[in-house]
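> Sequence unavailable; structure follows:
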């Protein structure tokens, strides 16, 4: 009987990581007017291109997570089809997610939680 493995759950988490990065790049900018540097929903790409520091890196992390996602998804599906050892597959998929989260968190020497309070 087929079941939803940990590796498949990791695909779902990986698919949500770009949304997390997008939220981080815009965090703290809502509620401010466009003239005060707040998020510009009328022209979001131009607003993101003007960002500096950790916001720009969070936006770059969003693009990077989008780029890595198809390769990760295909690797997990092919490994399942080839009946790779499930323990190893789950371990490697979870390690991928953990490393992606570390990558996102280490955009700068400070943690994102500190940045969001700024």
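Looks like it arrived, so ask away. A quick note: this is a predicted structure, and the numbers were derived from the prediction, not measured.
> which one's the longest helix in the protein?
Assignment by DSSP state H gives helix 53-81 as the longest helix of the chain.
> Residue 59 versus residue 52, what's the distance?
Distance from residue 52 to residue 59, counting by Cβ to Cβ, to the nearest Å: 11 Å. (C-beta placed from N, C-alpha, C; glycine too.)
> same check, this time on residue 105
As judged by Cβ to Cβ, residue 105 and residue 59 stand 15 Å apart.
> between those two, which one's more packed in?
Using other Cβ atoms under 10 Å as the criterion, residue 105 and residue 59 rank with residue 59 on top: 20 against 14.
> Find the residue closest to that one in space, skipping its chain neighbours.
Residue nearest to residue 59 in three dimensions, not counting chain neighbours: residue 25, with 4.3 Å by Cβ to Cβ, 6 or more residues apart in numbering.
> Give me the neighbour count for that neighbour.
Every residue meeting other Cβ under 10 Å relative to residue 25 is counted, giving 22.
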